[in-house]
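S.K.: Need a 3D model of the sequence below.
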Amino acid sequence: MPGTTDLILIRHAPARSGGRLAGRLDVPADLPGPEVLARARALVGRVAKLVVSPALRCRMTAAALFPGLAAMQDERLWEQHFGEWEGMEAAKVPDLGPLTRMDLARHRPPGGESFHDICARIAPALSEAATLKGPVAIVAHAGTVRAALALATGSIPAALAFEVAPLSATLIRALPGGQWSIQNVNRALK
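M.R.: All right, here's what the predicted structure looks like:
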């Protein structure tokens, strides 16, 4: 469609984090074999530009999916900073009790950032990526994909309801006038 750009948001391959929270921890990806990567490339299709979070797991995934395509790194695409919870075993993360999605979106781990915060950080990066000649692949994190869904739906709390599996793709179309259209969510690439 004229005047539109497709953003293909790809969550990195599973992180080798040993079951620990790895928002800003720079851990490698557990990449699948060549057959799976070939299928993933075929499912994604042609990509004109590649934007990537600086995280090692994202850079590894991008290089495996799009060999030979130069990646533009964008610091704003990093995962949520979990502050004092970074590197903590997932089972030991404090139970927050029952929270509404609005309260959860505003909650900041000690020394970290909230989902609300990351949406404010990531939205400008997505808007800039939408100005590139597309389709544009963005290899980043679950939080980045949910921030894109928040931008597209106009609801930060509602975006927390979306599942975002490792090595999955979410397609969002940037429309004229700053509007967004969600084409598909959480499509498995393996």
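
S.K.: Any idea how many residues pack against Asn186?
M.R.: Neighbourhood size, Asn186 [other C-beta atoms under 10 Å]: 15. All C-beta atoms are positioned from the backbone trio N, CA, C, and that covers glycine.

S.K.: what's in contact with the helix ranked longest in the chain?
M.R.: Using DSSP state H to define each element, the chain has its longest helix at helix 115-129. Here helix 115-129 makes contact (C-beta atoms under 8 Å, 6 or more residues apart in numbering) with 5, 7, 49, 51, 74, 76-77, 79-80, 104-108, 113, 136, 138, 143-144, 146-148, 150-151, 156, 159-160, 174, 178.

S.K.: That one: which residues count as buried?
M.R.: 115-119, 121-123, 125-126, 129 (16 or more other C-beta atoms under 10 Å).

S.K.: mean confidence score for it?
M.R.: Mean per-residue pLDDT for helix 115-129: 97.

S.K.: List the strands paired with the helix or strand just after it, with their directions.
M.R.: Using DSSP states H and E, the next helix or strand after helix 115-129 towards the C-terminus is strand 136-140. Strand 136-140 pairs in its sheet with strand 5-11 (parallel), strand 49-52 (parallel), by DSSP bridges.

S.K.: Pull up the gap between His141 and Ala42, please.
M.R.: 24 Å (C-beta to C-beta, to the nearest Å).

S.K.: What is the neighbour count of Ser190?
M.R.: Heads up, residue 190 is Lys, not Ser. So Lys190, with other C-beta under 10 Å, has 16 neighbours.

S.K.: Next, work out how far apart it and Ala38 are.
M.R.: Counting by C-beta to C-beta - Lys190 and Ala38 are separated by 11 Å.

S.K.: ditto for His81
M.R.: Taken as C-beta to C-beta, the span from His81 to Ala38 is 35 Å.
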